[in-house]
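Chemist: Provide a 3D model corresponding to the input given below.
(chains A and B)
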2 protein chains.
Amino acid sequence: MSRWGKREDMIVHEAEPYNAEPPPRALADRALTPVDTFYSRNHGPIPRLDPRAWRLSVDGEVERELALSLSDLRSGFEHRTLTATLQCAGNRRAGLIEVGDIPGEAPWGSGAISTAEWTGVRLADVLGAAGLGPRAAHVAFAAPDVAAEADPPQPYGGSIPVAKALAGEVLLAWGMNGAPLPAVHGGPVRVVVPGHIGARSVKWVHRVTAQERPSDNYFQATVYRLLTADADPSATGPGDGLSLGPVAVNADILRPGDGEVLPAGATEISGYAFAGERGVARVDVSLDLGDSWVQADLDERADPWAWRLWRVTLDLPVGPAVITARAWDTAAACQPESARHLWNPKGYVNNSWARIHVIGRD
Amino acid sequence: MSRWGKREDMIVHEAEPYNAEPPPRALADRALTPVDTFYSRNHGPIPRLDPRAWRLSVDGEVERELALSLSDLRSGFEHRTLTATLQCAGNRRAGLIEVGDIPGEAPWGSGAISTAEWTGVRLADVLGAAGLGPRAAHVAFAAPDVAAEADPPQPYGGSIPVAKALAGEVLLAWGMNGAPLPAVHGGPVRVVVPGHIGARSVKWVHRVTAQERPSDNYFQATVYRLLTADADPSATGPGDGLSLGPVAVNADILRPGDGEVLPAGATEISGYAFAGERGVARVDVSLDLGDSWVQADLDERADPWAWRLWRVTLDLPVGPAVITARAWDTAAACQPESARHLWNPKGYVNNSWARIHVIGRD
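Modeler: Numbering: from 1, shown residues only, chains lettered A, B, ... in the order given. Predicted structure coming up:
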């Protein structure tokens, strides 16, 4: 056990900075992910901040700068609680690494995604109190965790377009699943940007800046960008590639586990699907590599910003079998078939069909 | 020539109701599609309406009902012009028919998509004048063209969610490419719903109804829904399948033409990409079936609601070659590889990779 909450049942890709994901069985069939099971993606050491000393400055293209304590946030703005899924841009990277090596990046499996109930205040309300200026087109977030990997080393940061910042779902959150937000997940206060890559949900946020341009922070300008397959990441710089923000439809199978040997016959298969701002419309599951599909049942619970858990019972044959799943979003966009065609040098956005291998026992 | 504007260079799938698309060469390299070249999708005979007699009624969950003449629309509301692409949900159906028969549906090629500059007033402004009631969740459109194919036969209609109806981009349009909207494209007045399937851009609109539920019109409740591959369309009814609205990222190759014999060597390849509400972020072109890709140049012109034309020059080999193209949207969603896995009984939403066969001549 590390003091950051590392648990026996987490898959720890890196101890420092701490990067860990839950195994599929820990995510399966739970609408909310317990706090200790929630994936953790960090680029620097986890700051231990005194909530009483924490201040948020709001500056840039605003009519009046603000400096808010936690108690100012709590007493000055309406509280809002929502359930939202966060997903790392590198979720399911392991499937891309099977296609080709991705040096220096964690081999996230299906668990760089988790769902919690977040409590805080709307970023829109705080920006309203500051009064956005007419040139404010982006809202940048800064945190105190210094990432040695950044070039040059710098604190973590990022930004979102102002239209998203003003949408009611973006929170400055101090609560997670009904408890105070722990340090490992960004306490005392983090940003929660539902529907966008987890990288924008900046932890330990201490500055919000309205500005004309996107953040020039290393993690906005250079990292978290989709490069072409033939690009050399060591030769790319700020602005290269496709900036990642809203997430594309994705899904994975959580139960049974990959490689599991289980009784043949009626077998319940379950997993998650997530489409961010669009929502999940349908999930299909196949036992014949996609030649035919059975539609899965989507769990009733349908918070607009949360994943949809799904389940279906299929007749598993005796012997080796491949279970394939794919999701469709509300624009009828379907996941692409193959990770091979999605491979990219930093291993982002593997939203290819989910596939696991199991063996049906007689 | 039919009196509905059928042209020698249109591919006419059906004369009555009139259904026609431009050949790829007529769309290629033109940011705006000429009026006579714009695809035409109809479910009934084209009404010939006297613009002076035309009235729009606005009713349902509103504070005050309106009855507006064309001159009321023109004089009572701010005029707005925008460039928007419309795409039929059946665009590129021919690629699905290659996978499996789709009886009773037109074999649209790459041309059930076109782009025009539309002039009219914002639907939001008209709804604002009527005063939307608190229960208004959808806005339905009705037209006078009776579709014999509907069950039971009924005039054409459809609806969009109220959030979309209130977005500034949805127009009641009387102008197309700077000229009065012709009857074949919905004159005197049509709805233009940028980013959604063409079916919602109701032509000859004469009634706008704010309501709690989506339209129960046959073309909203039963048609324009994505069924699973194993569904029997004759056994499905209202509410079955996935309701189509916002469009998924799509692209096609317009030049060279499929089957063309052309000189080997440096060859410019061009086409369109369209991602509706998300926007196009990148287009890749391949001469080796997707093993490697070259990024195409996106045309500068980037009206947010219009397609992106793209072009790239590649070294075409001597002999038979397959040119493949795929687009990515701003959420890094990429088109799926294969039409085989997208086949559905009514042939909607073929957004698989674009592929043409050509022969490079020595």
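Chemist: all contacts plus neighbour counts: C-alpha atoms, from now on.
Modeler: Noted.
Chemist: what count of nearby residues applies to the closest residue to A:Ser270 other than its chain neighbours?
Modeler: Using C-alpha to C-alpha, 6 or more residues apart in numbering or on different chains and skipping residues adjacent in sequence, the residue nearest A:Ser270 is A:Arg311, 4.1 Å away. By other C-alpha atoms under 10 Å in any protein chain shown, 22 other residues sit near A:Arg311.
Chemist: beta-bridge partners for A:Arg311, please?
Modeler: A:Ser270, A:Asp297 (DSSP bridges).
Chemist: my read: it touches A:Asp297, true?
Modeler: Yes - counting by C-alpha atoms under 8 Å, A:Asp297 is a contact partner of A:Arg311 at 5.4 Å.
Chemist: buried set for stretch A:9-20?
Modeler: Buried residues in stretch A:9-20, counted by 16 or more other C-alpha atoms under 10 Å in any protein chain shown: A:10-13, A:17-20.
Chemist: residues making contact with it?
Modeler: A:4, A:6, A:21-23, A:26, A:37, A:39-46, A:106-108 (C-alpha atoms under 8 Å, 6 or more residues apart in numbering or on different chains).
Chemist: from those residues, which ones fall inside helices?
Modeler: Applying DSSP state H to those, the entries found in helices are A:Ala26.
Chemist: can you turn the buried part of the contacts of stretch A:9-20 into a PyMOL selection?
Modeler: This is how PyMOL selects the buried members of these, with burial counted by 16+ other C-alpha under 10 Å:
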select buried, chain A and resi 6+21+22+23+26+37+39+40+41+42+43+44+45+46+106+107+108
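Chemist: from the contacts of stretch A:9-20, which land in strands?
Modeler: Among these, the members found in strands (DSSP state E) are A:Glu21.
Chemist: also near chain B: which of the contacts of stretch A:9-20, exactly?
Modeler: Among the contacts of stretch A:9-20, no residue lies close to chain B (C-alpha under 8 Å from any C-alpha of the partner chain).
Chemist: quick one, what contacts the residue in chain A positioned nearest to chain B?
Modeler: Closest to chain B within chain A is A:Pro336: 4.1 Å, counting by C-alpha to the nearest C-alpha. Residues counted as contacts of A:Pro336 (C-alpha under 8 Å, 6+ apart) are A:351-353, B:334-337.
Chemist: ok, and the most crowded of the residues you listed?
Modeler: B:Cys334 (31 neighbours).
Chemist: for stretch A:294-314, buried residues please.
Modeler: By neighbour count on 16+ other C-alpha under 10 Å, the buried set for stretch A:294-314 is A:294-298, A:304-312, A:314.
Chemist: for the stretch 151-300 of chain A, what spans make up the helices?
Modeler: Taking DSSP state H, counting those that start in this stretch as the test, the helices found in the stretch 151-300 of chain A are A:162-165, A:218-221.
Chemist: ugh, wrong one, I meant the stretch 1-150 of chain A
Modeler: For the stretch 1-150 of chain A, applying DSSP H, counting those that start in this stretch gives helices covering A:24-27, A:70-76, A:93-97, A:123-130.
Chemist: just give me how far the third one sits from the chain centre.
Modeler: Taking C-alpha atoms, centre = their mean, to the nearest Å, one finds helix A:93-97 lying 16 Å from the centre of the chain it belongs to.
Chemist: could you export it as PDB, CA atoms only?
Modeler: C-alpha atoms of helix A:93-97 as PDB (Å, rounded to 0.1, in the frame of the first residue of the first chain):
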ATOM      1  CA  ARG A  93      -3.900   1.500 -25.300                       C
ATOM      2  CA  ALA A  94      -2.900  -2.100 -24.800                       C
ATOM      3  CA  GLY A  95      -4.800  -3.000 -27.900                       C
ATOM      4  CA  LEU A  96      -2.700  -0.600 -29.900                       C
ATOM      5  CA  ILE A  97       0.500  -1.900 -28.400                       C
END
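Chemist: residues of stretch A:116-136 that come out buried?
Modeler: By 16+ other C-alpha under 10 Å, the buried positions in stretch A:116-136 come out as A:116-127, A:129-130, A:132-133, A:136.
Chemist: for it, how far is the first residue from the last?
Modeler: This stretch, stretch A:116-136, spans 30 Å end to end (C-alpha to C-alpha, to the nearest Å).
Chemist: thought A:Ala331 was touching B:Pro246?
Modeler: Yes - counting by C-alpha under 8 Å, B:Pro246 is a contact partner of A:Ala331 at 4.9 Å.
Chemist: how about the residues of the stretch 101-250 of chain A by chain B?
Modeler: Counting by C-alpha under 8 Å from any C-alpha, the stretch 101-250 of chain A comes close to chain B at A:226, A:229, A:242-249.
Chemist: at 10 Å instead, please
Modeler: Taking C-alpha under 10 Å from any C-alpha of the partner chain as the criterion, the neighbours of chain B within the stretch 101-250 of chain A are A:196-197, A:225-226, A:228-230, A:241-250.
Chemist: and the residues you listed, which are buried?
Modeler: Counted by 16+ other C-alpha under 10 Å, those give A:196-197, A:225-226, A:228-229, A:241-250 as buried.
Chemist: and the two most separated of those?
Modeler: The span of these, defined through C-alpha to C-alpha, is set by A:His196 and A:Ala229 at 22.8 Å.
Chemist: now for the buried residues of stretch A:9-20: which two are most distant?
Modeler: Distance extremes for those: the farthest pair is A:Met10 and A:Pro17 at 14.9 Å, using C-alpha to C-alpha.
Chemist: can you count the residues close to A:Arg48?
Modeler: Residues lying near A:Arg48 (other C-alpha under 10 Å) number 14.
Chemist: that one against A:Pro188, yeah?
Modeler: Yes - contact status for A:Arg48 versus A:Pro188: in contact at 9.0 Å, counting by C-alpha atoms under 10 Å.
Chemist: about what we covered before: out of the helices of the stretch 1-150 of chain A, nearest to B:Glu268?
Modeler: Closest to B:Glu268 of the helices of the stretch 1-150 of chain A, according to C-alpha to C-alpha: helix A:93-97, at 31.7 Å.
Chemist: per-domain residue ranges of chain A.
Modeler: As recorded under automatic domain parsing, the domains making up chain A are A:11-243, A:250-361.
Chemist: show me what contacts A:Tyr348?
Modeler: Going by C-alpha atoms under 10 Å, 6 or more residues apart in numbering or on different chains, A:Tyr348 touches A:88-93, A:96, A:105, A:224-227, A:244, A:342, B:332.
Chemist: go with 7 Å
Modeler: A:89-90, A:93, A:226 (C-alpha atoms under 7 Å, 6 or more residues apart in numbering or on different chains).
Chemist: burial check on the closest residue to A:Pro161 other than its chain neighbours, number of neighbours?
Modeler: In space, and not counting its chain neighbours, A:Pro161 is closest to A:His138: 4.3 Å by C-alpha to C-alpha, 6+ apart. Other residues near A:His138 come to 21 when the count uses other C-alpha under 10 Å.
Chemist: so what's A:His138 bridging to?
Modeler: Note on A:His138: beta-bridge partners A:Pro161, A:Gln211, judged by DSSP bridges.
Chemist: any idea how far B:Tyr18 is from it?
Modeler: Distance, A:His138 to B:Tyr18, using C-alpha to C-alpha: 47 Å.
Chemist: what sits opposite the residue nearest in space to the middle of chain A in the beta ladder?
Modeler: For chain A, the residue lying nearest the average C-alpha position, counting by C-alpha atoms, centre = their mean, turns out to be A:Gln87 (1.5 Å). Beta-bridge partners for A:Gln87, by DSSP bridges, are A:Ile113, A:Ile197.
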